[in-house]
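**Student:** Have a look; sequence and predicted model below, questions after that.
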Amino acid sequence: MRRRWLAVTALVAIVVAALASTAGAGSSATASSQALSCKSTMKVAFLTPLTGDAGFLGNEQLSWAKYAVKTLQKQYGLKIQLLAGDTQLSADLASSLAQKYIADPKVVGVLGPSTSGAVQATSQALFRAGLAHVSPSATRTALTKGNEKQATPAFFRVVPDDDIQGPADALYMVDKLKVKKVVVVDSQEPYSVGLANSIERTLKAKGITTQRESVNVNTSDFSPIVTKVPGDADIVFFGTQQPPKAQTFAQQLLEQGKKAKLFSGDGANDPDKFKVPGSYVSNFAAPINLFPYNKNIIAGWQKDNPNATLGSFGPPTYGSVQVLFNAIKRACDAGNGTIKNRRDVIKQVKKISVKNWILGGSFRFSTKTNDPLNGRFYIFQIQSNGSYKLVDPTIGS
Amino acid sequence: MSTLSVLFDASHVLASQRWDEFLQQTINGLTLGSVYALIALGYSMVYGVLKLLNFAHGDVYMVGAFIGFGMIQWLGFRGAGDTWAPVVSTWFVLLVVLAVSMAGTAGLGVAIERFAYRPLRDAPRIAPLISALGVSFFIAYSMQLMFGSQQRDYNAFGIDNGKLFLDGVDIGNVRVPLLRIIIIVSAFVLMLLLWLLVTRTRTGKAMRATSFDREAAAMMGIDIDRVIVFTFVLGSALAGPAGVMFALRAPASVTMGFVAGLKGFTAAVIGGIGSIPGAMGGGLILGMAEAYTQGYISSKWSDLFVFVILIGFMLFRPQGLFGKADIRKV
């Protein structure tokens, strides 16, 4: 008798568990197909690292996202609540956060993810859920290009990819810095290796002598590698997503009396952490104060963030919000005041064009990929006071 | 004749460059090895007295680095825009930073011994080992909660306009920066003081007696509890400056203790766990091996090589280079 009760209890438990799991799946499918009135408060989720070594990037982006949501929702006649999710530079965390936002029926679009690894980890799920995701900073080329794209058709980015950054950096070294010998160092992770490969390829094609080195991503003391840098090398390119490591590398070059200057990519772009004078760093955004029409935007953001300095990662976030809100508005108009399905937003994103784009010029997506048309990278040199000075717009974009 | 002369000159230049590179890698290895030696000493001393592998020792080293970060910001970077403007001289600031980190990590060592190991002193040996791992995670995650996972840069380059990096001594064509000299000399001074304490003082004699035979030492009137606490104080006090010395050259982070602890343990095993000269020698050997591997083979192989050395020693010479083989009489 007792065994029978146990068997019945176990059977009931299994059935309940099965029902619970199917109910969960059903609810996410329902979430994507629920119609949403554009007069109600809709939500946009933002996946970015707010803590950890990349926290500087996420926090800067978040400040701009908040400002953009506050100002642009009025412009587009929308009511949008911003939800910020801290990915901590972890693909696993990004996936969990994505699932959480997918299950929320009021989420109509996603800002980010900010980092390429998080895009790769979440794009499939977001695509299946019909959520457009517009990134202000994920630059890995393979996300949108190549035979096996790592992101889906629902992924868009407002910044150019590393295949543009690599040649841009390399051609600057050749044309402006007149280099003869360059040491290219990667830190054995996809962003770094991809960028280093791209730079090495371009330099070799131009007949420049290159030496390739590699360090473990967890390495903090680069002395043995710095010792290998030839005395006549002009530049050491070090691709890293951790600005303190670029700082350490540049310091150790000076410590060992090397002539070569350090050149790093957008991953090291942080004036607070990487500030050895004479070093170079590239980024996908020029200083937005170069464009007079940004004056009010900058003033408004500074009023909301009085202690913050104008950086390079924030303004593309404003642009991403602009693109997403524009698409949401268009989907609302097409649906007569209702977003019948989240996928309607995806359909509109590609059609967006913006005049007086915050990053300069005008903006539209390429017809071939979900990347910006005519994207470019910019080169900065670190000055004696640690500030970043734009030395040349990208060459060969 | 002129062709031969050119070839001779070229080979001479090449040999000279190779020698300079070798010398520089040796200095790199000595710098790294000095830090590993200080960490290894903590492992060796605690194992020698308690037969316990204190896996939390790497995290004590990490805490030392963070204490140093706080002190150097507070005492040194007091100028406008966080520039270097110490109230006293730079040398005094650095001395105080080292001393405070020693005191801080010594206190942490006492706390670890009192709450995590003493209650398990007579338990089966697996128990304190598990406790050690637990303490390690506890310290690391506590630090992460308090300070976040962002790296902390001492901004040593901002001290006296980069003096620590740009000034130094020339050996041939190789410049040995001031900071490297400070690290190597400080580490050797600390190791020497420790060796003198252990070999020339009554307390050191008590430590050696306890290490040899704890029960007999107790019967001879030695306060074992006090000796054990003192051992933890000494070992942890050395980990603090090791953390400061590392962080003066590379950013500190809450995760830095794990790998450094493993390498310190490896160094202790190479030298002979329980042996103080062994820990010093093992640390230096490990540092050099790492520098030469990165310099002449590939940095991809560096960490792998270190742990292959560990396995090799465990298999073929478990007593290490300077330790004594454990002879059991049947």
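**Tutor:** Structure received.
**Student:** Need the three-state assignment for residue A:156.
**Tutor:** Here residue A:156 is recorded as strand under DSSP: H, G, I helix; E, B strand; the rest coil.
**Student:** Give the bridge partners for it, please.
**Tutor:** Beta-bridge partners of residue A:156, counted by DSSP bridges, are residue A:134.
**Student:** which bits of chain B sit near chain A?
**Tutor:** Selection of chain B residues close to chain A by C-beta under 8 Å from any C-beta of the partner chain yields B:17, B:21, B:24-25, B:28, B:31-32, B:148-151, B:153, B:156-157, B:162, B:165-166, B:175, B:177, B:179, B:246, B:249-251, B:253, B:256, B:259, B:290-292, B:294-295, B:298-300, B:302-303. Every residue, glycine included, has its C-beta placed from N, CA and C.
**Student:** taking those residues one by one, which sit in helices?
**Tutor:** By the criterion of DSSP state H, membership of those in helices covers B:17, B:21, B:24-25, B:28, B:31-32, B:165-166, B:179, B:246, B:256, B:259, B:290-292, B:302-303.
**Student:** Just the C-alphas of the helix or strand hosting residue A:93, formatted as CSV.
**Tutor:** Per DSSP states H and E: residue A:93 is located in helix A:91-102. What follows is helix A:91-102, C-alpha atoms only, in CSV (Å, rounded to 0.1, in the frame of the first residue of the first chain):
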residue,chain,number,x,y,z
ALA,A,91,28.3,34.9,-21.9
ASP,A,92,26.4,32.7,-19.5
LEU,A,93,25.1,35.6,-17.5
ALA,A,94,24.1,37.3,-20.8
SER,A,95,22.1,34.2,-21.8
SER,A,96,20.2,34.1,-18.5
LEU,A,97,19.4,37.8,-18.7
ALA,A,98,18.2,37.4,-22.3
GLN,A,99,15.8,34.6,-21.2
LYS,A,100,14.5,36.8,-18.5
TYR,A,101,13.7,39.7,-20.9
ILE,A,102,12.4,37.3,-23.6
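**Student:** Give the ChimeraX command for selecting the buried subset of the residues of chain B next to chain A.
**Tutor:** For the buried members of the residues of chain B next to chain A, the matching ChimeraX selection, counting by 16 or more other C-beta atoms under 10 Å in any protein chain shown, is:
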select /B:21,24,25,28,31,32,149,150,151,153,156,157,162,165,166,175,177,179,246,249,250,251,253,256,259,290,291,292,294,295,299,302,303
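**Student:** contacting residues for the residue nearest to residue A:266 when sequence neighbours are not counted?
**Tutor:** Closest residue to residue A:266 apart from its sequence neighbours, by C-beta to C-beta, 6 or more residues apart in numbering or on different chains: residue A:283 at 4.6 Å. Contacts for residue A:283 (C-beta atoms under 8 Å, 6 or more residues apart in numbering or on different chains) come out as A:266, A:269, A:312, A:377, A:378, A:380.
**Student:** Ramachandran angles for the third one?
**Tutor:** Backbone dihedrals for residue A:312, given as degrees, to the nearest 10, come out at phi -100, psi -20.
**Student:** residues contacting it?
**Tutor:** Under the contact definition (C-beta under 8 Å, 6+ apart), the residues listed for residue A:312 are A:266, A:269, A:283, A:284, A:285, A:287.
**Student:** and which of those is nearest chain B?
**Tutor:** Distance ranking of the contacts of residue A:312 against chain B, using C-beta to the nearest C-beta, places residue A:269 first at 15.8 Å.
**Student:** And the closest one, what's its pLDDT?
**Tutor:** Listed pLDDT for residue A:269 reads 89.
**Student:** Which residue ranges of the stretch 201-350 of chain A form strands?
**Tutor:** Assigned strands in the stretch 201-350 of chain A, in chain order: A:209-214, A:235-238, A:261-264, A:280-283, A:338-339 (criterion: DSSP state E, counting those that start in this stretch).
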